Structures are given as C-alpha cells and as structure tokens.
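Asker: give the three-dimensional model of this entry:
(one chain, ligands or ions: 2)
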Amino acid sequence: MFRKKNTAGVNSDEIRAILDEKKAKMKLSLKACAHCSLCAESCFLFMGHNKDPKYMPSYKFLNSVGVLYKKKGNVDKQDLGEMRDLVWERCVLCTRCYCPIGIDIPDMLALARRICRSQGVYPQYDRE
Ligand code: SF4
Ligand code: SF4
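Answerer: Ligands and ions are numbered 1, 2, ... in the order given. Model prediction:
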C-alpha cells in the first residue's frame, strides 16, 4: 500500500555518499545474487527461527542495502527503522554465511548498519 514518506531528519546525500564508497562491490553483489537460498542454512539465526525466510542472509542483504541502492538513499525514518530491525535483530555479523558465488553478505549488512547509524537509527544497546 502507498505510504507517504516523511523524510525529516534523513540526510539522503550522506546516505548516497556512503553507498558510493562501496558502489562497485554492492552493485555486483546485487546483480549476482541468484536467489538460490544456498546461504540460508549457514545462518544459525535462520536455522534457529524455524527457517523463517526473513532470517535468510540474502533476504537481509536485499532488503537493506538493496533497498537503499534502489531508492538512491531516498528513504525515511520508518524505512531505516525496518532496516535496523533486519540488520541488528536478525544478524550478529558472525560472518558464517556462505555464498557459493562469493557475495560478502556480512560486509553488505555492516554497510547497512553504518548507514542506519549515520542517520541516528540504531538499537539502544549499540549507542557508544
Ligand atoms: S547471497 Fe549467494 S547463496 Fe544467498 S541467495 Fe544470493 S547467490 Fe544464493
Ligand atoms: S553474518 Fe548475519 S546473516 Fe550471516 S550467518 Fe551471521 S547472523 Fe547470519
């Protein structure tokens, strides 16, 4: 359903600048993902949550960095809040996920965390 965006408090230029730092790797990863789900079983959080697709490494990657890239950083606090839940609550950056074609999912999820943090969106426990 259409939702009117409230972009107050979000600096899209800053998001784009951070995305640009990893543009080549990010673009290649997004293009290369074959949606094969082979990374899923290497994630203990996926296995520990009854194989809920929302815990699949590729799901987390495509719905965080993938969205930021597709929307060219034009997201609002609600979008970022949803990403925060994905990349912190459903991932611990343990780096155990394995993609046979070499997509570095933890690096992409760390990038999404960095972008959320740059906009003041992160879990309470992550405050420095
Ligand atoms: S990240 Fe790799 S293993 Fe996971 S769905 Fe994409 S191509 Fe398959
Ligand atoms: S880095 Fe995140 S997605 Fe990858 S295996 Fe660990 S918890 Fe799962």
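
Asker: residues touching the residue nearest to residue 7 when sequence neighbours are not counted, list them.
Answerer: Closest residue in space to residue 7, ignoring its immediate chain neighbours: residue 76 at 4.9 Å, by C-beta to C-beta, 6 or more residues apart in numbering. Where C-beta positions appear, they are placed from N, C-alpha and C, glycine not excepted. Contacts for residue 76 (C-beta atoms under 8 Å, 6 or more residues apart in numbering) come out as 5-8, 10.

Asker: neighbour-wise, which one of these leads?
Answerer: Counting neighbours by other C-beta atoms under 10 Å, residue 10 comes out on top of the contacts of residue 76 with 21 neighbours.

Asker: how close does that one get to residue 39?
Answerer: Using C-beta to C-beta, to the nearest Å, one gets 30 Å for the distance from residue 10 to residue 39.

Asker: next one: residue 26
Answerer: Taking C-beta to C-beta, one finds residue 26 at 17 Å from residue 39.
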